[in-house]
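Got a predicted structure plus its sequence, pasted below:
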Amino acid sequence: MTSSHRVGVLDLVRASADNDEQSRDSVGKIFWRLGCATLIIDLGCAVALLGDFQAWAPKDMLHSFTWHNVVTGFRSQPVDVVALTLSRLVAGPVLIYLSVSWAQAAMVGQSRREGLPATQSPLPATSKDLGDGYSALLGDDKAEAEGERGSVNVGAAANAEVMDVARQNAKARSRRYKYGGLTLLFIFSTFYQVYIGLKISTFDFREGHKSIEAVLICLGVLWINIEVYVARQLILEATRDEGLFLPDVHPHPLFMDKGVALHWCDLCSTKIKNHMAWRCKLCDFDMCTVCAARKDAATVGENLLRNDKGVKQEKDMSNGSYFNRSLSLVKEELPLFMGAFLLLFLYTATNLALPNYQGLIIDKVSNDNREGFLVDVRSYVILMAVQGVFSACYSAAFSVVSRKILFFIRVKLFGSILAQDVAFFDGTTSGHLTSRLTNDISVMMEPIRSSLSTLLYNLITLVGGIVMCYYTSYQLSMLAFVTVGPITYLWDLYGEACMFSWHPS
């Protein structure tokens, strides 16, 4: 499977799972609940729109719901919005069910991993039981891997599945059904959004109720995008390739990636061959196919935490634990951190106000208002100067915070390294330790130094820009925003197609 190196919501949900069944159950519960809640809210908004338009008279609401009004009431009746919402209530779950059912039915044959435990312990089987696919995958390293492994485990079985021609053909058929369902989902959602965008531009609102009715119609686009996102994630999770769960080697599930380039195995420190590796995108962890088949991969890898008694077993940490540990790093610098956020907010606010003053200046020029023109130009120059001050201050604040945290982590890490037993240094190169203290820590702090401020800036700009767009013209804004969801989906498909063209699977 060719996959992106971008981390998504599904990767975060899967991180706490111990096997594929638990992973799919977790994703299913979260997204099914989100989807059901969104459909209920969507229907509630549609009913509220109809009720407000009919002055909440039950008889009028029921009588207006006729086929004639649905077909011909594009500009005068909101019953078509209710009808489209009801159609989504039915079409969405049915489309998910059919796509998943047909895709799973195409995956014929039993998994080679069925019945094998998710450990690196030896089993009474040899590589001959896995067929020719296993031999083709290992190639020149087969003899070496057999000597180190001595028997077959779940990792070796997963390797064999990758090269199993019959199973790969079945996966290709499964992908056709999956992408067929996603294509229909894209077509339906695009139609719904364009319909709502055109309707709000021409609809005759009830006098005195324009604001509430316009908001209820505009919210329909938001609910549609959430419903499509949920449906897509459910289809992708139910039809994805099986993950490799090796808790003794890595706490998170690993997935075969056939687009790995210029990566080294984190266990044996050799370059990944044939662009194929088992990968965890959350941790940027790569494991070559040879190490996946080893029975002792959990104990012989380089750069492991060891003491004089052997490899130390590290405790698994949940996402919440990682987040709490991250917060503890900025605890001492919290006042400066919050000040940096405040300065970033002020900088973004002034940046959003600049286009408004530009428009005022153009208006004064077109109206030949010299006095007003000078006032607006003076205000514009002052605002730009204030924006520059805020920009310099927030950049300096983030830089100071990141440098202080960087110093604290390096000192703490250096102390932890010195406290290790001699066995740790026997299995770890000095170059690796030096890289940990310099490059790796700098990369770890990069999100605080630049990525976090960029994320917050873009988020505030997005929210503020949307508010200003709707304040200026909600009809024009709706016509523009109905294209955001479809364009984003097409952009993702284009990215996947580009990756597939380089590393077809």
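Okay, I see it. Predicted, not measured: the structure shown is a model, and the values here were computed from it.

Only C-alpha atoms from now on, for both contacts and neighbour counts.
Fine.

sec struct for the residue nearest to Val81 when sequence neighbours are not counted, please.
Computed as CA to CA, 6 or more residues apart in numbering, the closest residue to Val81 that is not its neighbour in sequence is Ala46, at 6.4 Å. When states are read from DSSP: H, G, I helix; E, B strand; the rest coil, the local structure at Ala46 comes out as helix.

for the stretch 101-250 of the chain, which spans come out with low pLDDT?
Counting by pLDDT under 70, the stretch 101-250 of the chain contains low-confidence ranges at 108-153.

which residues of this protein fall in strands?
Here the chain has its strands, by DSSP state E, at 255-257, 277-280, 285-287, 306-307, 310-311.

highest average neighbour count across those strands?
Ranked by mean neighbour count, these are led by strand 277-280 with a mean of 26 (mean count of other CA atoms under 10 Å).

what's that one packed up against?
When contacts are defined as 3 or more CA pairs under 8 Å, 6 or more residues apart in numbering; DSSP states H and E, strand 277-280 packs onto strand 255-257, strand 285-287, helix 289-292.

Kindly provide the whole-number mean pLDDT of the last one.
On average, the pLDDT along helix 289-292 is 86.

Report all helices and strands that the lengthiest helix in the chain contacts.
Taking DSSP state H as the criterion, the chain has its longest helix at helix 370-418. Here helix 370-418 touches helix 334-366, helix 441-446, going by 3+ CA pairs under 8 Å, 6+ apart.

For the closest residue in space to Thr289 that isn't next to it in sequence, give its distance to Phe285.
Nearest residue to Thr289, sequence neighbours excluded (CA to CA, 6+ apart): Ala277, at 6.0 Å. Distance, Ala277 to Phe285, using CA to CA, to the nearest Å: 10 Å.

still on that earlier bit, kindly reformat the helices and strands packed on helix 370-418 as JSON lines containing mean neighbour count, distance to Ala238 and mean pLDDT.
Formatted as JSON lines, the helices and strands packed on helix 370-418 follow (neighbours: other CA atoms under 10 Å; distance: least, CA to CA, whole Å; pLDDT from 0 to 100):
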{"stretch": "helix 334-366", "mean neighbour count": "16", "distance to Ala238": "40", "mean pLDDT": "87"}
{"stretch": "helix 441-446", "mean neighbour count": "14", "distance to Ala238": "33", "mean pLDDT": "78"}
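
For these, could you give me CSV that also reports distance to Thr66?
Shown next, in CSV, are the helices and strands packed on helix 370-418 (distance: least, CA to CA, whole Å):
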stretch, distance to Thr66
helix 334-366, 46
helix 441-446, 59
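
Which among those is found nearest to Val249?
helix 441-446 (22.3 Å; CA to CA).

picking up where we left off before, quick one: closest of the helices and strands packed on strand 277-280 to Gly495.
Short answer: strand 255-257, nearest of the helices and strands packed on strand 277-280 by CA to CA, at 15.4 Å.

who does the closest one pair up with?
Strand pairing for strand 255-257, determined by DSSP bridges: strand 277-280 (antiparallel).

Quick one: residues in contact with the strand it pairs with.
With CA atoms under 8 Å, 6 or more residues apart in numbering as the test, strand 277-280 has contacts from 244, 252-258, 260, 285-289, 292.

any idea which of the residues you listed is the one closest to Asp80?
Phe255 (44.6 Å).

hmm, back to that, specify the beta-bridge partners of the residue nearest to Thr289.
Asp257.

So for stretch 390-408, what gets flagged as buried?
Within stretch 390-408, the residues scored as buried using 16 or more other CA atoms under 10 Å are Phe390, Ser391, Cys393, Tyr394, Ser395, Ala397, Phe398, Val400, Val401, Ser402, Ile405, Leu406.

And the average pLDDT for it is what?
Stretch 390-408 shows a mean pLDDT of 86.

Name the residues that touch that stretch?
Residues external to stretch 390-408 that are found in contact with it (CA under 8 Å, 6+ apart): 329-330, 333, 336-337, 339-341, 343-344, 346-347, 441-442, 445, 448-450, 453.

what is the mean pLDDT for stretch 7-15?
Stretch 7-15 shows a mean pLDDT of 75 in the predicted model.

For it, C-alpha coordinates in CSV please.
Extracted in CSV, the C-alpha atoms of stretch 7-15 (Å, rounded to 0.1, in the frame of the first residue of the first chain):
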residue,chain,number,x,y,z
VAL,A,7,-0.4,12.0,10.1
GLY,A,8,-4.2,11.9,10.2
VAL,A,9,-6.9,11.5,12.8
LEU,A,10,-7.1,7.7,12.1
ASP,A,11,-3.4,7.3,13.0
LEU,A,12,-4.0,9.0,16.4
VAL,A,13,-7.0,6.7,17.1
ARG,A,14,-5.1,3.5,16.1
ALA,A,15,-2.2,4.4,18.3
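
any idea how far the residue positioned nearest the centre of the chain lies from Asp368?
Residue closest to the average C-alpha location in the chain (CA atoms, centre = their mean): Gly8, at 2.2 Å. Distance, Gly8 to Asp368, using CA to CA: 53 Å.

How about Lys59?
Lys59 sits 57 Å away from Asp368, going by CA to CA.

Arg294: neighbouring residues, count only.
By other CA atoms under 10 Å, the residues close to Arg294 number 25.

What separation do you get for it and Asp248?
Distance of Arg294 to Asp248, given as CA to CA: 12 Å.

mind listing the helices for the stretch 1-150 of the chain?
Secondary structure of the stretch 1-150 of the chain (DSSP state H, counting those that start in this stretch): helices located at 9-14, 20-53, 58-64, 67-72, 79-106, 132-138, 142-149.

rewinding a little: let me know which of the helices and strands packed on strand 277-280 is the nearest to Phe186.
Here strand 255-257 is closest among these (CA to CA), at 26.1 Å.

How far off centre is that closest one?
Centroid separation for strand 255-257 versus its chain: 17 Å, with CA atoms, centre = their mean, to the nearest Å.

What of stretch 430-447?
26 Å.

Could you list the residues in contact with it?
Contacts for stretch 430-447 (CA under 8 Å, 6+ apart): Asn303, Ser402, Leu406, Ile409, Arg410, Leu413, Phe414.

nearest spatial neighbour of the fourth one, skipping sequence neighbours?
It stands for Ile409. The shortest distance from Ile409 to any non-neighbouring residue, by CA to CA, 6+ apart, is to Ile441 (7.7 Å).

Helices of the stretch 151-300 of the chain, residue ranges please.
So, for the stretch 151-300 of the chain - with DSSP H, counting those that start in this stretch - the helices run 154-163, 165-202, 210-239, 289-292, 297-300.

between the longest one and helix 154-163, how many degrees?
If you take axes from the mean of the first three to the mean of the last three CA atoms, to 10 degrees, helix 165-202 sits at 70 degrees to helix 154-163.

what sits against the nearest residue to Leu12 once chain neighbours are set aside?
Of all residues not flanking Leu12 in the chain, Leu282 sits nearest, at 7.5 Å (CA to CA, 6+ apart). Shown in contact with Leu282 (CA under 8 Å, 6+ apart): Val7, Asp11, Leu12.

Relative to Phe31, which of the helices and strands packed on helix 370-418 is closest?
Across those, Phe31 has its closest neighbour in helix 441-446 (30.6 Å, CA to CA).

show me what contacts the residue nearest to Leu236 when sequence neighbours are not counted?
Nearest residue to Leu236 in three dimensions, chain neighbours excluded: Lys178, at 7.8 Å (CA to CA, 6+ apart). By CA under 8 Å, 6+ apart, Lys178 lies in contact with Ser99, Val100, Trp102, Ala103, Ile235, Leu236, Thr239.
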